[in-house]
Each structure stands twice: as C-alpha cells, then as structure tokens.
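Enquirer: Sharing a model that was predicted from the sequence below.
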Amino acid sequence: MPAGVVDAAAKGVRLERHAAGAAVLLRRASGAKQLVSASSHLLFRATVLATLALVVLFAVHYPSLLSRSFSLSNAAPSSPAARPRSSHRSLLGGSAPASSYGGAAWEREVRRSATPRRDGGLSVLVTGAAGFVGAHCSLALRGRGDGMLGLDNFNSYYDPALKRARQRLLASRGVVVLHADINDAALLERLFAAAPFTHVLHLAAQAGVRYAMQAPQTYVASNVAGLVSLFEAAAKHADPQPAIVWASSSSVYGLNTDAPFSEEHRTDRPASLYAATKKAGEAIAPAYNHIYGLSITGLRFFTVYGPWGRPDMAYFSFARSIVAGEPITLFRAADGADARRDFTYIDDVVKGCLGALDTAGKSTGSKSGKKRGPAPLRVYNLGNTSPVPVTRMVAILEKLLGKKANKRVVTMPSNGDVPFTHANVTHAARDFGYRPATSLEAGLRHFVDWFVRYYKLDIKGGNVLAGKTTKRKSMAMSAAS
Ligand SMILES: O=C(O)[C@H]1O[C@H](OP(=O)(O)OP(=O)(O)OC[C@H]2O[C@@H](n3ccc(=O)[nH]c3=O)[C@H](O)[C@@H]2O)[C@H](O)[C@@H](O)[C@@H]1O
C-alpha cells in the first residue's frame with residue numbers, strides 16, 4: 001500500500017478516536033452553552049483532520065503538480081556528466097508539451113541566452129542544436145561571443161543518448177538547448193516574442209537518404225511542414241524578422257551527371273523522398289522571400305562527417321562494424337564503378353555556416369505585413385570539391401582502427417542512393433570565403449580519435465579493440481564526452 005494511503009488510514013482511526021472523545025465530552029456537558037461550545041470544538045477538529053487526510057491523498061496522486069518548475073536557470077549543468085533535474089523536465093528534455101513554456105522568468109532566460117557577448121554579435125536561434133552540425137555550429141557561435149539559443153526534439157532516429165551527450169557538452173560551455181519541436185508554432189511564436197533573434201540557423205531535419213523509404217511521413221513532417229512552420233513564425237511573429245540560413249542537401253542534384261555540381265545545374269530529378277523534401281524546401285523558400293521579405297539562404301551540405309557525427313552515416317556505422325568484427329556492405333554502381341562521395345569535414349562546414357550567417361543580409365518585412373523591398377535569397381554548395389570512392393574511405397578507417405573490414409560488395413539497391421557527388425563551391429568562396437581545407441585522411445583521423453574516446457575503446461599496439469564496455473553494451477552509447 002502506498003505510504004500516503006497508510007497515513008490517510010491512520011488519520012481516519014485518529015478521527016474516530018477524537019469522535020469518541022467528543023461524545024464523552026458531550027455527555028459531561030451541562031447546559032446549552034457548554035453543549036454548543038463542545039459541538040463547535042468537535043466540528044473544528046474534524047474539519048482539520050479531514051483536510052489533512054485530503055492533502056496527503058492529493059500529494060500521493062499528483063506529485064508532479066507540486067514539484068513543477070519553469071525556470072531555465074539550471075539549463076546548463078556544469079559537468080558533462082550532470083543530468084537535467086527532474087524539476088526542469090519541461091525545459092531540458094522531458095516530455096512536457098512545449099506549450100507549457102512561458103512566464104516572465106522563462107522569457108528572461110531566453111533573452112539572456114540570446115544576447116550577444118560581443119559588440120556587433122549575432123543573436124541566433126539554432127534548430128537541431130543537439131544534432132551533429134547543430135552542436136558544432138552552436139559551439140562555434142558561442143565561442144566567438146554570439147548570443148544563441150538551441151532547440152531540438154531529441155527524436156530517436158538515432159540513439160538520443162548521443163544527442164543528450166552533445167547537449168551536456170554544449171551546456172558545459174553555457175549553451176542552452178530547449179527540448180522542443182519546430183512544428184510547435186506556439187513555442188516559436190513565444191521565442192520570437194521573447195528575444196529579438198537576428199538570425200535563425202535552421203538545421204533541424206529528418207536526415208538520411210535511404211531511411212525515407214521506411215518512414216516517409218517523418219520527412220514530410222520535419223523537412224516540409226517544419227520548414228514552413230519556421231518560416232511562418234519568422235515572417236509573422238518576429239520583430240525584427242531574422243535572416244534564415246537553413247540546411248538543404250547535395251541530394252537535390254539527384255542523378256545529375258554534370259560534374260562538379262554547380263548551383264546552376266538542374267535539381268528537378270530527386271532520386272529519393274529525402275531529396276524531394278529538401279528540394280521542396282528550396283521551392284518554398286522563394287515564396288516566403290517574395291511575400292514576406294524574409295532573407296533566406298539554403299546550404300547544400302555534401303556528406304558531412306567528423307567527431308560527434310551521425311551514427312547512421314556510412315563512415316560511422318562502418319567504424320562500429322569494423323571494431324565489432326561485423327560485416328559491412330558496400331554499394332557499387334550498376335556500371336561496376338565504386339560509389340564516390342565529396343566527403344566534407346565538419347569544421348569546414350561550420351565555417352561555411354558562419355560565413356553564410358555573417359553575410360545573410362537583413363529581412364525586409366515586418367509583423368504588420370509591410371515589406372521594404374526585396375530581401376536576399378541565396379543557395380550555396382558546401383562540399384569538399386574532391387570526391388573519394390567509398391572503398392577508399394573504408395581503407396582509411398581500416399588503417400586508423402588497425403583492423404580489416406569484413407566487406408560484402410553488392411550492386412547499389414534502388415533505394416534513393418546516388419552513385420557520386422562532387423561540389424563546385426565557387427559561389428560560397430566568392431561570397432563568404434568558403435575554402436574547405438581538410439582531407440578525408442585528416443578528417444577521419446579526428447573522427448577516430450573522438451570515436452575511441454567516446455566509446456572507451458581499448459587500443460593495443462596501435463590497434464583499436466572492442467573494449468569491455470563496448471562488448472558488454474554492444475556499443476550502446478555509454479558516453480564519455
Ligand atoms: O550530402 C548529402 O546530401 C547527404 O549526405 C549523406 O547521405 P549519403 O551521402 O548517402 O551518406 P552515407 O549514408 O554516409 O553514405 C555514404 C556512401 O556510402 C555508401 N554506403 C552507405 C551505406 C552502406 O551500408 N553501404 C554503402 O556503401 C553510400 O552508397 C554512399 O555512397 C547524409 O546521410 C544525408 O543526410 C545528407 O543530406
């Protein structure tokens with residue numbers, strides 16, 4: 001029996017005893033005056049005891065109502081191992097609906113986080129901040145003194161423990177990441193009302209090319225509806241309107257055979273639903289730019305990789321399989337050629353994102369619907385400009401991990417994959433000095449260094465072995481951040 005119910009029962013017994021005592025009192029009373037006084041005494045005691053019993057029962061059944069807090073102040077645990085406290089669940093990743101956000105204290109914290117710490121600094125709302133690119137960009141923005149606030153819905157497309165570990169890392173550097181969804185229009189409205197964000201770096205999306213065949217609706221919900229939700233809030237509820245920089249994808253080039261891929265090339269033949277939803281975003285952006293005067297920049301990322309990366313991507317899942325001694329499957333194009341990717345290192349992509357933010361130009365619309373003139377509308381490739389066969393990527397991993405992969409080569413299934421990507425980045429170089437500087441060898445070395453540390457792998461004689469932790473937990477995210 002719950003403790004509260006036992007307490008309540010005990011109080012019931014005490015109540016009966018008091019009633020008996022009261023009866024004796026009444027028998028002894030002589031005269032009408034004493035009788036009235038004794039009755040009120042009894043009534044008073046009974047009321048107090050009944051109230052106490054009710055309070056105990058209420059506390060047993062509704063503990064959450066008594067402990068809820070809406071403060072942002074503990075949003076940044078100082079140690080990486082620190083976990084969000086349950087009293088702050090609604091702010092830091094609990095399941096409380098985002099509509100429960102709000103209040104003067106919450107708004108103050110949002111504003112504090114969004115306020116730049118340097119003259120002329122930006123104030124950036126980063127969506128998907130606990131994601132791979134989002135976490136790196138958030139750290140870079142905070143590092144140079146920009147104000148910023150992160151959002152993430154911590155979905156389980158890949159192990160949310162990695163997203164939580166990134167969130168703890170960010171928190172240790174003073175970056176707040178709210179647990180919230182971009183499709184929550186009310187929350188976005190409140191955020192824009194609370195702080196005058198100058199920019200939005202919109203990286204929240206359903207990623208992954210091949211997974212779109214399994215979960216098509218999540219791509220529409222995140223990459224189309226979510227993008228519209230963000231544009232709507234920025235156009236109609238922000239004052240001033242922020243400039244928006246958002247993540248498109250190299251996949252919009254689809255089966256394009258002109259190489260390197262230039263922004264002028266056609267993008268009307270997406271090979272996957274993922275690509276189609278990113279292309280849809282690129283088609284939606286001009287409408288918001290035209291009608292509402294939103295400054296919008298789309299960035300086409302080319303297979304971004306690096307430390308704190310996405311476990312669903314080939315370089316990461318291959319590393320895990322190699323260490324665990326499990327087979328990997330390599331896709332070969334129908335003509336027998338190795339698939340190739342313009343693998344792009346995360347630090348280069350972060351520089352590109354910050355360059356795009358810095359040069360975005362202002363939005364020209366306002367909440368009232370008036371537009372002062374045309375606003376910037378831009379699209380850029382952010383690639384590495386040197387495609388590498390996937391087999392070469394595997395060979396580098398084998399060398400770094402000191403272990404051979406167990407390879408199985410099959411013809412590329414018809415699941416949205418494309419045989420090669422190759423970026424032309426002259427526009428990004430011209431407009432914000434984007435110059436990718438990291439070779440795949442150097443970038444994968446950084447990735448493997450982090451990978452070994454994060455999973456606490458054993459290294460013997462230069463070879464990475466699956467450590468005790470790894471074997472026991474089959475590489476579940478036993479994060480050491
Ligand atoms: O640049 C992009 O536009 C996209 O890059 C990646 O997509 P992808 O290039 O397909 O990256 P991976 O899934 O890591 O695949 C890389 C290469 O490995 C190959 N691969 C993948 C998985 C596998 O089991 N075997 C295999 O050979 C693929 O065919 C591909 O050539 C990301 O997953 C997308 O979110 C992103 O938008």
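Expert: Alright, I've got the coordinates.
Enquirer: Residue 151: neighbour count?
Expert: 28 (other C-beta atoms under 10 Å). All C-beta atoms are positioned from the backbone trio N, CA, C, and that covers glycine.
Enquirer: can I assume it sits in a helix?
Expert: No - using DSSP: H, G, I helix; E, B strand; the rest coil, the assignment for residue 151 is strand, not a helix.
Enquirer: and the gap between it and the ligand?
Expert: 19 Å (C-beta to the nearest ligand atom, to the nearest Å).
Enquirer: go on, residue 391?
Expert: 9 Å.
Enquirer: give me the element that residue is part of.
Expert: Counting by DSSP states H and E, the element that carries residue 391 is helix 390-401.
Enquirer: The helix or strand just after that helix packs against which elements?
Expert: Following helix 390-401 in sequence order, the next helix or strand is strand 406-411 (DSSP H and E). Contacts defined by 3 or more C-beta pairs under 8 Å, 6 or more residues apart in numbering; DSSP states H and E place strand 406-411 against strand 327-332.
Enquirer: which of the residues in the strand it packs on are buried?
Expert: Residues of strand 327-332 classed as buried by neighbour count (16 or more other C-beta atoms under 10 Å): 328, 330-332.
Enquirer: which of those residues lies closest to residue 213?
Expert: Nearest to residue 213 out of those is residue 331 (C-beta to C-beta; 14.6 Å).
Enquirer: quick one: contacts for the closest one?
Expert: By C-beta atoms under 8 Å, 6 or more residues apart in numbering, residue 331 lies in contact with 339, 390, 410-413, 417.
Enquirer: The ligand contacts on the protein?
Expert: Contact residues (C-beta under 6 Å from any ligand atom) of the chain with the ligand: 207-209, 249-251, 301-303, 313-314, 329-331, 339, 341, 390, 417.
Enquirer: These in helices, which ones?
Expert: 314, 390 (DSSP state H).
Enquirer: Show the buried residues in the residues of the chain next to the ligand.
Expert: Buried members of the residues of the chain next to the ligand, counted by 16+ other C-beta under 10 Å: 207-209, 249-251, 301-303, 313-314, 330-331, 339, 341, 390.
Enquirer: right, and out of those residues, which lies closest to residue 369?
Expert: residue 249 (31.7 Å).
Enquirer: Find the nearest non-adjacent residue to that closest one, please.
Expert: With C-beta to C-beta, 6 or more residues apart in numbering as the measure, residue 278 is the residue that lies nearest to residue 249, at 4.4 Å, once sequence neighbours are left out.
Enquirer: Do I have it right that that neighbour meets residue 246?
Expert: No - using C-beta atoms under 8 Å, residue 278 and residue 246 do not qualify as a contacting pair, with a distance of 9.7 Å.
Enquirer: mind showing which ranges of this structure have poor pLDDT?
Expert: 1-44, 46-100, 467-481 (pLDDT under 70).
Enquirer: hmm, try it at 50
Expert: The chain contains residues with pLDDT under 50 at 1-16, 18-26, 29-32, 35-36, 55-97, 468-481.
Enquirer: Spatially central residue in it, please.
Expert: Centroid-nearest residue in the chain: residue 152, 2.9 Å away (criterion: C-alpha atoms, centre = their mean).
Enquirer: so who does that one touch?
Expert: Listed by C-beta under 8 Å, 6+ apart, the contact partners of residue 152 are 127-131, 134, 163, 167, 177-180, 204.
Enquirer: tell me which of those is nearest to the ligand?
Expert: Proximity of the contacts of residue 152 to the ligand (C-beta to the nearest ligand atom) peaks at residue 131, which lies at 10.4 Å.
Enquirer: How many residues are close by that closest one?
Expert: Considering only other C-beta under 10 Å, residue 131 is surrounded by 29 other residues.
Enquirer: So it sits against residue 163, correct?
Expert: Yes - the pair residue 131 / residue 163 is scored as a contact, 7.0 Å apart, by C-beta under 8 Å.
Enquirer: ok, back up a step: and the host helix or strand of the residue nearest to residue 249, what does it pack against?
Expert: Taking DSSP H and E as the criterion, the element that holds residue 278 is helix 273-292. Applying 3+ C-beta pairs under 8 Å, 6+ apart, we find helix 273-292 packed against helix 216-219, helix 226-236, strand 243-249, strand 296-301, strand 377-382.
Enquirer: okay, the ones you listed, which one's buried deepest?
Expert: Highest mean neighbour count among those (mean count of other C-beta atoms under 10 Å): strand 243-249, with a mean of 26.
Enquirer: Check which helices and strands that one is in contact with.
Expert: The elements that strand 243-249 packs onto, with contact taken as 3+ C-beta pairs under 8 Å, 6+ apart, are strand 199-202, helix 226-236, helix 273-292, strand 296-301, helix 346-358.
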